[in-house]
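K.L.:
Quick one: sequence and predicted model below, then my questions.
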Amino acid sequence: MADFVVSQPEWLDGFLASKPRVFPTLEDRMNLVIEATELNIKHRTGGPFGSAVFELKSGKLVAVGVNSVMRHGWSGAHAEAMAIIFASKAIGSYDLGGPEIPEHQLVVNGQPCAMCLGTIIWSGVVEAVWGASSKEIEELTGFDEGPVPKNYAEELQNRGIHVITDVLREENIKVIATYKSSQGVIYNARLGKP
């Protein structure tokens, strides 16, 4: 039986070593995600997406994830999944909303795709935050974000997950657009194809 190991890119530890452990504002948290995304593009270690899990009230950083689909050869290695995997490992629980665990927030540079919607719902986070919309991501890059529901935020809110959108939206759009202009691979461009 073969093993499958999920890992972070080599540059991430050095990047995080230079950062504080607590990010008091939502903008501080999103700026961390933007910086990680820029480095992921620069180092060519994945797509133009970054994410981080924080303790909601304290702002303590729990884990960062960047898109690692191409690096891992696995379509599920989206930034949100990577951040949630490493946050779960850091707290020692598959449930980021479990008993006696601080509430957690997921911050993402772009609205999560259809696959990540389910990941968020089952992760246990109580808040999801993003910058660019799925429509903007598709228009900027050609990535297929999947059949995201029109009432995306409502679907999360119905499950007790508070949603905040458009955080540093323009800054996130700029970073996502740099990926395509840098000839980044658009690995799931199947829009309009059977």
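P.N.:
On my side now, so go ahead. Numbers count the residues shown, from 1 in each chain.
K.L.:
so where do the strands sit in this protein?
P.N.:
Assigned by DSSP state E, the chain shows strands spanning 50-55, 61-66, 104-110, 127-132, 162-164.
K.L.:
Test my guess that Ala83 contacts Leu106.
P.N.:
Yes. Contact between Ala83 and Leu106 holds when scored by Cβ atoms under 8 Å: they sit 6.6 Å apart. In this view, the C-beta of every residue, glycine as well, is placed from N, C-alpha and C.
K.L.:
joint contacts of those two?
P.N.:
Between them, Ala83 and Leu106 share these contacting residues under Cβ atoms under 8 Å, 6 or more residues apart in numbering: 51-53.
K.L.:
and of those residues, the nearest to Ile173?
P.N.:
Nearest to Ile173 among those, counting by Cβ to Cβ, is Ser51 at 16.5 Å.
K.L.:
So what sits opposite the closest one in the bridge?
P.N.:
When bridges are taken as DSSP bridges, the partners of Ser51 come out as Gly65, Val108.
K.L.:
And for Gly98, nearest residue in space, chain neighbours not counted?
P.N.:
Nearest-residue entry for Gly98: Gly124, 6.3 Å, with adjacent residues in sequence omitted and distances by Cβ to Cβ, 6 or more residues apart in numbering.
K.L.:
Hmm, the one you found is touching Ile91, no?
P.N.:
No. Using Cβ under 8 Å, Gly124 is not in contact with Ile91, being 9.8 Å away.
K.L.:
got any residues that touch both of those two?
P.N.:
Contacts common to Gly124 and Ile91, judged by Cβ under 8 Å, 6+ apart, are Ile101.
K.L.:
Would you state the predicted confidence (pLDDT) at Gly65?
P.N.:
The pLDDT attached to Gly65 in the predicted structure is 98.
K.L.:
which ones are touching it?
P.N.:
With contacts defined as Cβ under 8 Å, 6+ apart, the neighbours of Gly65 are 8, 50-53, 79-86.
K.L.:
What of Leu56?
P.N.:
Taking Cβ under 8 Å, 6+ apart as the definition of contact, the neighbours of Leu56 are 102-105, 126-127.
K.L.:
For it, what are phi and psi?
P.N.:
Summarising the backbone geometry of Leu56 under the convention degrees, to the nearest 10, its torsions are phi -60, psi -50.
K.L.:
what pLDDT does it get?
P.N.:
At Leu56, the pLDDT value in this model is 98.
K.L.:
what does Arg190 give?
P.N.:
60.
K.L.:
ok, Ala83 and Leu106, which is more surrounded?
P.N.:
Between Ala83 and Leu106, counting by other Cβ atoms under 10 Å, Leu106 is the more crowded of the two (31 against 28).
K.L.:
tell me, how many neighbours does the residue nearest to the more buried one when sequence neighbours are not counted end up with?
P.N.:
Across the structure, with Cβ to Cβ, 6+ apart as the measure, the residue nearest Leu106 apart from its sequence neighbours is Val125 (4.7 Å). Counted by other Cβ under 10 Å, the residues lying close to Val125 total 28.
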